[in-house]
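J.: Generate a structure from the sequence data that follows.
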Amino acid sequence: MKDLLKFFILCQVILLLFSAQFVLSQEINLDAGEQVFSQTCSACHANGRNVLAQDKTLDLDMLESMGLDNVNAIIKQVTYGKNAMPAFGDVLSDDDIKNVANYVLSKSKAGW
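T.: Numbering: from 1, shown residues only. Here you go, the predicted model:
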């Protein structure tokens, strides 16, 4: 039983190390995110605003109220769209979506 517990703990440590390495390998490129935003998003979201739904800006407090105050939620929104927001999953690469999501979150935290 003691050996089984040691084996389980060892497996958890190995899994944790590989997970940390995977996260570190996912490089964030805010410059690339800014470029994607300028080319793809700024027509509707210039300076964090929203042309179609003016009350739904990209300001941090608004993102928080919509549950979009984290990168994964923004990635999902950009990929699949929702309401007036079109889906970009077939238009942008996964890296482009990840980078633009990080860019939007960083700009919203900085107050645009």
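J.: Nearest the middle, which residue of the protein would you pick?
T.: residue 71 (2.5 Å; C-alpha atoms, centre = their mean).
J.: Excluding chain neighbours, what is closest to it?
T.: Among residues not flanking residue 71 along the chain, residue 101 sits closest, at 5.0 Å (C-beta to C-beta, 6 or more residues apart in numbering). C-beta coordinates here come from the backbone N, C-alpha and C atoms, glycine included.
J.: Kindly report the same for residue 52.
T.: Nearest non-adjacent residue to residue 52 (C-beta to C-beta, 6+ apart): residue 84, at 4.6 Å.
J.: Let me know the distance separating that neighbour from residue 44.
T.: Here the criterion is C-beta to C-beta, to the nearest Å. By it, residue 84 lies 8 Å from residue 44.
J.: Pull up the overlap in contacts between these two.
T.: Common neighbours of residue 84 and residue 44, using C-beta atoms under 8 Å, 6 or more residues apart in numbering, are residue 52.
J.: neighbour-wise, which of the two wins?
T.: residue 44 (14 against 11; other C-beta atoms under 10 Å).
J.: Check the more buried one and give its pLDDT.
T.: Model confidence at residue 44, expressed as pLDDT, equals 98.
J.: And the helices in the protein, which stretches?
T.: 2-25, 30-36, 42-45, 60-65, 71-80, 94-110 (DSSP state H).
J.: Ok, which of those helices comes nearest residue 88?
T.: For residue 88, the closest of these is helix 71-80, at 5.2 Å, according to C-beta to C-beta.
J.: Flag every buried residue along that closest one.
T.: Neighbour-count burial for helix 71-80, counted by 16 or more other C-beta atoms under 10 Å, picks out 71, 74, 75, 76, 77, 78, 79.
J.: now those in a markdown table, with pLDDT and distance to residue 39?
T.: Formatted as a markdown table, the buried residues of helix 71-80 follow (pLDDT from 0 to 100; distance: C-beta to C-beta, whole Å):
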| residue | pLDDT | distance to residue 39 |
| --- | --- | --- |
| 71 | 97 | 20 |
| 74 | 98 | 17 |
| 75 | 98 | 18 |
| 76 | 98 | 21 |
| 77 | 98 | 18 |
| 78 | 99 | 13 |
| 79 | 99 | 17 |
